[in-house]
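**Student:** The following comprises the amino acid sequence and a computationally predicted model.
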Amino acid sequence: MNVRTVCLSILHEGDATGYEIRRSTVEGDCSYFVEASFGSIYPALAKLEADGLVTSRIEPQDGKPSRKVYSITPAGRAAFQEALLEPLGADVFRSTFLLFSRFAHLVPASLVQARIDERLEQMAEEIAQLEDILARRGSNASDAWVIRYGLTCVQAAYAHLQSHKHELVALALGDDQPRQAAE
């Protein structure tokens with residue numbers, strides 16, 4: 001899905017500023033779907049507004065600059081529903097941990113073990129976050145289904161790493177082995 005559709009999806013749930021939309025794609029409930037940059041969100045919002053799919057209003061704040069709040073229009077809701085009918089692209093998965101793992105044979109075993117421990121800790125935090133989101137948003141059946149799907153994926157990856165970490169560590173250099181030996 002494109003940034004335009006992501007903005008409409010967030011505004012479908014309620015009014016938001018560009019900053020709040022960005023935060024939602026980075027650390028909020030939408031962070032598991034897609035990440036959008038400020039450089040793509042604001043032009044998308046401007047185009048959505050020009051197309052009559054969203055409106056904006058300026059809200060003054062005490063002691064702070066005013067903020068621009070966006071709302072979806074009925075036409076925006078219809079456009080979002082139309083976007084949901086379009087074919088989906090493949091899921092995108094990128095992992096710096098997997099890049100590191102691919103070259104585990106070039107670094108000391110103690111570093112591989114440390115990276116595995118870090119990744120397991122990150123995954124445990126992600127599992128806890130998803131469980132928290134499920135507790136907060138689980139009353140909506142479609143939200144609960146999506147959250148459980150994501151939770152299952154992360155739990156499966158965690159279990160795999162936990163049970164196969166010794167294989168990755170075994171590929172690494174001995175801690176006393178010079179790095180050039182792997183070349």
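**Tutor:** That came through, no problem. Numbering: from 1, shown residues only.
**Student:** Break the protein down into its structural domains.
**Tutor:** Per the record, the chain has its domains at 3-85, 96-171, by the TED database.
**Student:** Tabulate those (JSON lines), appending mean pLDDT and mean neighbour count.
**Tutor:** All C-beta spots, glycine's among them, are computed from the backbone N, C-alpha and C. Listed next are the domains of the chain as JSON lines, based on pLDDT from 0 to 100; neighbours: other Cβ atoms under 10 Å:
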{"stretch": "domain 3-85", "mean pLDDT": "90", "mean neighbour count": "16"}
{"stretch": "domain 96-171", "mean pLDDT": "92", "mean neighbour count": "14"}
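**Student:** And the contacts of stretch 54-61?
**Tutor:** 7-8, 11, 45, 48-49, 66-73, 76 (Cβ atoms under 8 Å, 6 or more residues apart in numbering).
**Student:** Out of those residues, the closest to residue 95 would be?
**Tutor:** residue 7 (26.3 Å; Cβ to Cβ).
**Student:** Check the secondary structure at the closest one for me.
**Tutor:** Per DSSP: H, G, I helix; E, B strand; the rest coil, the secondary structure class of residue 7 is helix.
**Student:** What distance do you get for it to residue 176?
**Tutor:** 54 Å (Cβ to Cβ, to the nearest Å).
**Student:** Cool, thanks, signing off.
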